[in-house]
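Visitor: Next input, structure requested:
(one chain, ligands or ions: 1)
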Amino acid sequence: MIPVFRPSYGQEEFDAVREVMSSGWVGLGPKTREFEEKFQAYLGSGYASALNSGTAALHLAMLMADIKGREVITTPMTFVSTNHAILYSGGIPVFADIEPDTCNIDADCVEKLITKKTRAIVVVHYGGHACRMDKIMRLARKHKLLVIEDCAHAAGGEFKGKKLGTFGDFACFSFHAVKNLATGEGGMLVCRRKADYQHATRLRWLGISKDTWSRETKVKYSWYYFVEEVGWKAHLNDIPSAIGIVQLRRLDQTNAARRERAERYGRELADLDWMTLPVVQPNTAPAWHNYVIKTEHRDGLNAWLAQRGIATGVHYIPNNHYPMYKRCKGKTPVCEKVWATLLTLPLFPDLTADEQSQVIAEIRAYGRDKGLNA
Ligand SMILES: Cc1ncc(COP(=O)(O)O)c(C=O)c1O
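Guide: Predicted coordinates for the structure are as follows:
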């Protein structure tokens, strides 16, 4: 089976894990700190706190944004974590529609939904393609709203030459097994303000004033700490952090491999007018987390490819279809129309030329079989 996603690991990741395991310190420690420092240097701004998932990053971001009892304008076209995080923190999700081409939240729809109750806007850079952060940030400044960037797909992506995750007040990255930077499970919360970073970093460790690594010094282990407020057990540890350091070092290279494969799909499927291919918007450098085509023949093509050993995915069922989000405010007619056509093709750095040829050939064969190809 050719999978939709596969992480890219080599000897360096194996060596990094062995080094940590041999060191005698596998919990939150020096590798976690090194990963945070390198990640924030890669982004070029913000304060990074390493967590055990992207969901935890979103949860803490919403807590920091103080959304309790307030509305948060969000997108239905995302993994459910984005919107669950609003509910974890007592916020009220309000769904804005999406742009038909990028599937990103539509800034014009966001503007129409802003009321006195609105506290924040959460944007998801779908597939690693940047949302229109200039418009979103202008709206946020005008109405004094906070912006949370869900960068789960977007590690390494850019808008107007700036890394995604450096625009909003908070950025939430996922290092889940299939992400561009994959540590198995893991995430990073990047805060614009140092005070938010310090608060989030306490909350990730049960609200305890000093984590075990800060209590460890070369001379003695200081047992003293205190607890000011309820926190969670959400920090990362040194094993995934060591993998993360290597994956971060390789990120530009693995993203370039994704881009090359995306461009090949673009060239070799361009003549099939029964599907629409993703387009790179002006001023953006996508992270190409996934390659999503749009076709009325989505379900037929999915079944055809599956029978021939090629996995595809659907990202996503709109979240306002789920029973628990059905009653939320916001009409999303574009999303309703577009989602039924979405199909994610295999795309990952180690997808071989032969595997990709097979995917392309089977897509074309489906079109021929159904009399769709021109
Ligand atoms: C858009 C989006 N947001 C949030 C998440 C949650 O990340 P995690 O699985 O690391 O909790 C994911 C991925 O799983 C995602 O795709």
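
Visitor: burial count for the closest residue to the ligand within the stretch 1-150 of the chain?
Guide: Going by C-beta to the nearest ligand atom, the ligand is nearest to Gly54 of the stretch 1-150 of the chain, at 2.7 Å. Placement of C-beta: from N, CA and C, glycine included. Neighbours of Gly54 under the rule other C-beta atoms under 10 Å: 27.

Visitor: what about the longest helix in this structure?
Guide: In the chain, assigned by DSSP state H, the helix with the most residues is helix 251-269.

Visitor: Just the CA atoms from it would do, formatted as CSV, please.
Guide: Taking C-alpha atoms only, helix 251-269 is exported to CSV below (Å, rounded to 0.1, in the frame of the first residue of the first chain):
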residue,chain,number,x,y,z
LEU,A,251,12.9,20.6,7.8
ASP,A,252,13.8,22.9,4.9
GLN,A,253,15.1,19.9,3.0
THR,A,254,12.1,17.6,3.6
ASN,A,255,9.7,20.5,2.8
ALA,A,256,11.6,21.0,-0.5
ALA,A,257,11.1,17.3,-1.2
ARG,A,258,7.4,17.7,-0.6
ARG,A,259,7.3,20.8,-2.9
GLU,A,260,9.1,18.9,-5.7
ARG,A,261,6.5,16.1,-5.5
ALA,A,262,3.6,18.6,-5.3
GLU,A,263,5.0,20.3,-8.4
ARG,A,264,5.2,17.0,-10.2
TYR,A,265,1.5,16.3,-9.5
GLY,A,266,0.8,19.8,-10.7
ARG,A,267,2.6,19.1,-14.0
GLU,A,268,1.3,15.6,-14.7
LEU,A,269,-2.3,16.0,-13.7
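
Visitor: related to what we said a few turns ago, contacts only, for the nearest residue to the residue of the stretch 1-150 of the chain closest to the ligand once chain neighbours are set aside.
Guide: Nearest non-adjacent residue to Gly54, counting by C-beta to C-beta, 6 or more residues apart in numbering: Ser174, 2.7 Å away. Ser174 makes contacts with Ser53, Gly54, Thr55, Ala57, Cys151, Ala152, Gly186, Gly187, as judged by C-beta atoms under 8 Å, 6 or more residues apart in numbering.

Visitor: elements contacting the helix or strand following the longest helix of the chain?
Guide: Along the chain past helix 251-269, the next helix or strand (assigned with DSSP states H and E) turns out to be strand 284-285. Contacts defined by 3 or more C-beta pairs under 8 Å, 6 or more residues apart in numbering; DSSP states H and E place strand 284-285 against strand 158-159.

Visitor: For the strand it packs on, report the contacting residues that lie outside it.
Guide: Ala130, Cys131, Met133, Asp134, Leu164, Phe167, Asn283, Thr284, Ala285.

Visitor: okay if I get the residues you listed as a markdown table plus distance to Ala353 and pLDDT?
Guide: A markdown table is the format used below for the contacts of strand 158-159 (distance: C-beta to C-beta, whole Å; pLDDT from 0 to 100):
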| residue | distance to Ala353 | pLDDT |
| --- | --- | --- |
| Ala130 | 28 | 98 |
| Cys131 | 32 | 98 |
| Met133 | 35 | 98 |
| Asp134 | 38 | 98 |
| Leu164 | 29 | 98 |
| Phe167 | 36 | 98 |
| Asn283 | 31 | 97 |
| Thr284 | 26 | 98 |
| Ala285 | 23 | 98 |
